[in-house]
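S.K.: got a predicted structure here, sequence first:
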Number of protein chains: 2
Amino acid sequence: MKKIALKDIAANFGVSISTVSKAVNDSHEISKELKEKIQKYAKEHHYRPNHVALSLLKKNTKTIGVIVPNILNYFFTLVFYGIEKTANSRGYSIISCISDESYLKELKTVELLSTGTVEGLILSLSEETQAKGNVEHLQNLIENQIPLVMFDRVSEEVDCDKVVVDDFEAGYKTTKHLLKTGCKRIVIVSAIYNSSVGKLRVDGYKKALKENGVEYDERLIVEVRKNDDLQLLISLLLDNKEIDAIIALDEITAVDTLNILKSKDIEVPKEISIVGFTNGRLSKYVSPALTMVSQHGQYIGEQAANILIDRIEKEGDMPYTTKLVKTSLIERDSTKKILGNSSSY
Amino acid sequence: MKKIALKDIAANFGVSISTVSKAVNDSHEISKELKEKIQKYAKEHHYRPNHVALSLLKKNTKTIGVIVPNILNYFFTLVFYGIEKTANSRGYSIISCISDESYLKELKTVELLSTGTVEGLILSLSEETQAKGNVEHLQNLIENQIPLVMFDRVSEEVDCDKVVVDDFEAGYKTTKHLLKTGCKRIVIVSAIYNSSVGKLRVDGYKKALKENGVEYDERLIVEVRKNDDLQLLISLLLDNKEIDAIIALDEITAVDTLNILKSKDIEVPKEISIVGFTNGRLSKYVSPALTMVSQHGQYIGEQAANILIDRIEKEGDMPYTTKLVKTSLIERDSTKKILGNSSSY
DNA sequence: AAACTTTTCGAAAAGGTTTTCGTGATTTTT
DNA sequence: AAAAATCACGAAAACCTTTTCGAAAAGTTT
């Protein structure tokens, strides 16, 4: 039983295609008897209108594209989940691509999808794209009137809707919290030295230091590259700088750091506090459980999908918006408690 | 600058659509001068052939559908990653859906995609579908000649290609390993009481016990339901049954179990060994690091994608195959070492 | 100069669907 | 009985593209 089309049903009953189309759509224009015959036949043969033909006709595919740099990163998984959930509830399918942090794959995918396949695109920049700063492919998208929502790793140079974590505030808030618990020499360990995200967090960090009269020391910002030995970097750090807190800009680095400190018999948080970014699956289960900054990935995905679909469906052009999503500090056992009044901030 | 079609270019130059089509495709049928003019104009206006129209014409969408029950589960994320990677390298896009363990969503998605959108489908059954045992929607797929590859959570009643973990062997191998390290009273903690997967692992477990002359005790198989208190279950277990090993059928349960034992000051693995299924991101980072069964999720995804695309592209019908993927036991510190000769098995 | 070949382009079909409009045929109204 | 309205269906366009075939024009060979 091959896939069946209106044509086939029409041939079977010796009627026209239009008649069959109307019959299966239960139009009043077709007589009751004929409709029933055709509908019965259609059901028996599992007739379903061809989606591609419909897309071409209606000029909408009810599909949106999603490009994430790395699905194995829990944050992106969460965002993806959020996107899928709300897109689906609003009647859209999603066609998804993993750029794998590669500029070329991102480019190819954008080009592929911008040919009528999807009605809009949700994207977070690949690492390589961020490093290169080449966003022409996205600007073309805008020129071609294809709605685009960027999230998390966004570019100033692309004029579109954006959903970003308030990383500046997160850096500020986290640092302030550590200062309040009595820490003064706070290290930032970053594996995302290229990203806007990383820079914002450091800026927030600086602001908090300044506000509290702590001098900024460049040497406390350490950048971990792909094949660097974290163990070595941390050892060097511990040697002379008398640090009392470490902020890790991703979860794995946070956990690795914790394990390195433990292996050196450094007590956490008594001697050194640790805060990590991205509240993933690890932090809760290590001991001591890590205090983390949650970025609300699923919520970000939901927002991005809603904004995109709104733009797809609304007539006329609304101004582009940038949605700042605040982070939450999830206190666990790798940081000291704030004494006295528990003022919220 | 709206999206531009061949028609628009044709109108601009006062030539026919066919001519423009040939020109942009660099056909020898068109004179050099005209081709250059048209190509220049096309490039300037970012012309790209409409993918939907092409799909309709060529009767192929170069798209496959992927339905996973739960993307937040690391195993499925890995499979998904594997699928995306190989599908992409073979020129296919993937349209992905998360059934969220719901029968209805799985059904709706299958129906939606089986209307010409995708050329084939890769699917792992939702929990609810497995519990209900209702796989009619998948049988319809086969009837309609739409290639289907099921993985991990498969159904006997659906005649299609399959890629499954050798869960029987995994249960057998794991149990045998524990027995060799001297354990005798081995508990299985399962949160997937409905799945074929869970049953197979228990069967393998039984076989290993039998082979080694250890009596099977039904009370050592504990099923954890959604709102059950694992802490309580484990406490009850510890009370009278003198257990010396626990096999947890998912990673979270393994880590939770570890933490519960630690909170009771039970030494792992000295007093009780732990082995978990699914080698995810947690196991490596807890202490002691957990011995886990790796299912090679990415590999499974790659296999599934290759099998599907092979079937899509090959003419004629090949017989359906079921690919059994063996697991690997990744020994860490939550199990005792085997003394003497390190025989592989 | 006639016959043939090559060049250059257009018409039309095909893919599947919906929808508008038209046309007979039947039924209802005057 | 004539006029009007309703009914039941078909033809054709539209969505966009590629490709086959046909044809006119230009060029080349005898």
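M.R.: Perfect, I can see it now. Please read all numbers here as calculations on a predicted model, not as lab measurements. Residues are numbered from 1 along each chain as shown, chains lettered A, B, ... in the order given.
S.K.: establish whether the least confident helix or strand in chain A by mean pLDDT and chain B are in contact.
M.R.: Within chain A, no helix or strand scores below helix A:230-241, which has a mean of 86 by mean pLDDT, DSSP states H and E. No - contact of helix A:230-241 with chain B (Cβ under 8 Å from any Cβ of the partner chain) is absent, the minimum separation being 13.4 Å. Quick note: C-beta positions are derived from backbone N, CA and C, even for glycine.
S.K.: which neighbouring elements make contact with that helix?
M.R.: Applying 3 or more Cβ pairs under 8 Å, 6 or more residues apart in numbering or on different chains; DSSP states H and E, one finds that helix A:230-241 contacts strand A:186-190, helix A:251-263.
S.K.: distance of the residue lying closest to residue A:224 once chain neighbours are set aside relative to residue A:228?
M.R.: Nearest residue to residue A:224 in three dimensions, chain neighbours excluded: residue A:191, at 4.6 Å (Cβ to Cβ, 6 or more residues apart in numbering or on different chains). According to Cβ to Cβ, to the nearest Å, residue A:191 stands 9 Å off from residue A:228.
S.K.: who has more neighbours out of those two?
M.R.: Legend: neighbour count by other Cβ atoms under 10 Å in any protein chain shown for residue A:191 and residue A:228, higher for residue A:191 (20 against 12).
S.K.: and the pLDDT for that one?
M.R.: Looking at residue A:191, its pLDDT is 88.
S.K.: list the residues that contact it.
M.R.: The contact partners of residue A:191, by Cβ atoms under 8 Å, 6 or more residues apart in numbering or on different chains, come to A:223-225, A:249-250, A:253.
S.K.: which residues touch residue A:187?
M.R.: By Cβ under 8 Å, 6+ apart, the contact set of residue A:187 is A:220-222, A:237, A:241, A:243, A:245-247.
S.K.: where does the record place the domain boundaries for chain A?
M.R.: Split into domains by automatic domain parsing, chain A comes to A:6-49, A:61-164+A:297-325, A:167-295.
S.K.: so which of these is nearest residue B:266?
M.R.: Judged by Cβ to Cβ, the one of these that comes nearest to residue B:266 is domain A:167-295, at 15.0 Å.
S.K.: and the end-to-end length of the closest one?
M.R.: 9 Å (Cα to Cα, to the nearest Å).
S.K.: residue A:155 and residue A:136 touch, don't they?
M.R.: No - applying Cβ atoms under 8 Å as the test, residue A:155 and residue A:136 come out as separate, 10.7 Å apart.
S.K.: neighbour count: these two, which is higher?
M.R.: residue A:155 (19 against 10).
S.K.: if we can go back for a sec, closest one to chain B out of the contacts of residue A:187, please.
M.R.: Using Cβ to the nearest Cβ, residue A:246 comes nearest to chain B of the contacts of residue A:187, at 16.2 Å.
S.K.: which SS state does that closest one fall under?
M.R.: strand (DSSP: H, G, I helix; E, B strand; the rest coil).
S.K.: which stretches of chain A form helices?
M.R.: Ranges of helices within chain A are A:6-13, A:17-24, A:32-44, A:51-58, A:74-89, A:103-113, A:127-132, A:136-143, A:167-180, A:196-211, A:230-241, A:251-263, A:297-313, based on DSSP state H.
S.K.: least confident of those, on average?
M.R.: Among the helices of chain A, helix A:230-241 carries the lowest mean pLDDT (a mean of 86).
S.K.: and the contacts of that helix?
M.R.: By Cβ under 8 Å, 6+ apart, helix A:230-241 touches A:185, A:187, A:189, A:217, A:219-220, A:222, A:224, A:243, A:253, A:256-257, A:260-261, A:264, A:266.
S.K.: now a PyMOL select for only the buried ones of these.
M.R.: Here is the PyMOL command that selects the buried residues among these (16 or more other Cβ atoms under 10 Å in any protein chain shown):
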select buried, chain A and resi 187+189+220+222+224+243+253+256+257+260+261
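S.K.: of the contacts of helix A:230-241, which pair is most distant in space?
M.R.: So, the contacts of helix A:230-241 by Cβ to Cβ: farthest apart are A:217 and A:256, at 22.7 Å.
S.K.: so the residue nearest to residue A:118 when sequence neighbours are not counted bridges to which residues?
M.R.: The shortest distance from residue A:118 to any non-neighbouring residue, by Cβ to Cβ, 6+ apart, is to residue A:65 (3.9 Å). Here residue A:65 sits in beta bridges with residue A:95, residue A:121, going by DSSP bridges.
S.K.: residue A:65 and residue A:93: what is the separation?
M.R.: From residue A:65 to residue A:93 the distance is 10 Å (Cβ to Cβ).
S.K.: what does residue A:256 give?
M.R.: Distance from residue A:256 to residue A:93, counting by Cβ to Cβ: 38 Å.
S.K.: cool, and residue A:72?
M.R.: According to Cβ to Cβ, residue A:72 stands 23 Å off from residue A:93.
S.K.: who's more crowded, the two?
M.R.: residue A:93 (23 against 15).
S.K.: contacting residues for that one?
M.R.: Applying Cβ under 8 Å, 6+ apart to residue A:93 gives the contacts A:62-64, A:87, B:95, B:97, B:112-113, B:117.
S.K.: how about residue A:9?
M.R.: When contacts are counted by Cβ under 8 Å, 6+ apart, residue A:9 touches A:20, A:24, A:38, A:41-42, A:45, A:47.
S.K.: what is the burial count for the residue in the stretch 151-300 of chain A that DNA strand D sits nearest to?
M.R.: Nearest residue of the stretch 151-300 of chain A to DNA strand D: residue A:160, at 23.2 Å (Cβ to the nearest atom of the strand). When neighbours are counted by other Cβ under 10 Å, residue A:160 registers 23.
S.K.: doesn't residue A:320 make contact with it?
M.R.: Yes - Residue A:160 lies in contact with residue A:320 (Cβ under 8 Å); the separation is 5.8 Å.
S.K.: residue A:142 versus the residue of the stretch 101-250 of chain A found nearest DNA strand D, what's the distance?
M.R.: Nearest to DNA strand D, among the residues of the stretch 101-250 of chain A, is residue A:116, at 7.2 Å (Cβ to the nearest atom of the strand). With the distance defined as Cβ to Cβ, residue A:116 ends up 17 Å from residue A:142.
S.K.: who has more neighbours, those two?
M.R.: Between residue A:116 and residue A:142, counted using other Cβ under 10 Å, the more crowded position is residue A:116 (23 against 15).
S.K.: what is residue A:151 paired to in the beta sheet?
M.R.: With DSSP bridges applied, residue A:151 shows beta-bridge pairing to residue A:163.
S.K.: now the nearest residue to residue A:85 once chain neighbours are set aside: how far from residue A:98?
M.R.: Distances taken as Cβ to Cβ, 6+ apart place residue A:302 nearest to residue A:85, at 6.8 Å, with adjacent residues excluded. Residue A:302 is 20 Å from residue A:98, where distance means Cβ to Cβ.
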